[in-house]
Every structure is written in structure tokens, then in C-alpha cells.
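**Student:** Model the structure of this input:
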Amino acid sequence: MFGLVQAPGRDGKLAYEWWGDPGGHPVFLLHGTPGSRLGPRPRTFHLHNLGVRLIAYDRPGYGDSDRHAGRSIADAVGDVRAIADALGLARYSVVGRSGGGPHALACAALDPGR
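**Tutor:** Coordinates of the predicted model:
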């Protein structure tokens, strides 16, 4: 399912998509560099079997998300929070692939309660 949210603290939008079990545990997959939300992912069948709702978004400047000049890795925390809030998620997990690894670590370090 595709969606757009307002980028936190600035003009612009973030594009996201999710696959898998709608009632499953939410897991944000943060893409590599370069990359997008449409990169490699497990098949929806496997996500359903695992009870996972996989959520991926285009970091600013990639895919359908608007550019964010001066962005830092820590800004990923606000991006993920904005999407989680739009989806009504109180808790979630994050995983980063390649260049998305530092962004996932920032989310874990700066938003440990979620």
C-alpha cells in the first residue's frame, strides 16, 4: 500500500509503501545508497508467514520523496516517526540495508521507546 506524509519540520513529502501482514509486527526497512523503497525485499507471501508488516520509504531526494537540503542521518528519526504516526504505530522495529544501516542505528539510538 502506497502513501505520502508531510515531511517533519519542513515543506515536502515522504513517499512510503508497505507489504505483508496488515496486523503483523511493523518493521521499517531503510534502503541503501542509492536506493528507494522499491528495492529488494522478501515476497509478500513470506512476510505474511512471518507475521511482518514491512514498511519502506524513500529517503529525501530519492524516489518520490522531496529533497531536503542539509539533511543529516539523524533526520531519519523524524521521517520514520512521521510515517509511524500516520500508520498509527506505537512501536516498531527498524533494519537498514547497506547505506540505510546508519539511519536505522540513528532511529534505535534516538527513539528507543518506539
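**Student:** who touches D75 in this structure?
**Tutor:** By Cβ atoms under 8 Å, 6 or more residues apart in numbering, the contact list for D75 reads 60, 68. C-beta: built from backbone N, CA, C; applies to glycine.
**Student:** So for it, what's the pLDDT?
**Tutor:** Per-residue pLDDT puts D75 at 96.
**Student:** Also C107?
**Tutor:** 97.
**Student:** For it, give me the backbone phi and psi.
**Tutor:** The phi and psi values for C107, taken as degrees, to the nearest 10, are phi -60, psi -40.
**Student:** who touches it in this structure?
**Tutor:** Per Cβ under 8 Å, 6+ apart, neighbours of C107: 28, 30, 76-77, 80, 94.
**Student:** As JSON lines, those residues with secondary structure and distance to M1 would be great.
**Tutor:** Compiled in JSON lines, these are given as follows (DSSP: H, G, I helix; E, B strand; the rest coil; distance: Cβ to Cβ, whole Å):
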{"residue": "F28", "secondary structure": "strand", "distance to M1": "15"}
{"residue": "L30", "secondary structure": "strand", "distance to M1": "18"}
{"residue": "A76", "secondary structure": "helix", "distance to M1": "21"}
{"residue": "V77", "secondary structure": "helix", "distance to M1": "23"}
{"residue": "V80", "secondary structure": "helix", "distance to M1": "17"}
{"residue": "V94", "secondary structure": "strand", "distance to M1": "19"}
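**Student:** Between these, which sits nearest I55?
**Tutor:** Closest approach to I55 among the contacts of C107 (Cβ to Cβ): F28, at 5.0 Å.
**Student:** what about that closest one, how many residues close to it?
**Tutor:** When neighbours are counted by other Cβ atoms under 10 Å, F28 registers 26.
**Student:** Would you state the strands of this protein in chain order?
**Tutor:** Using DSSP state E, the strands of the chain run over residues 2-6, 13-20, 25-30, 52-57, 93-96.
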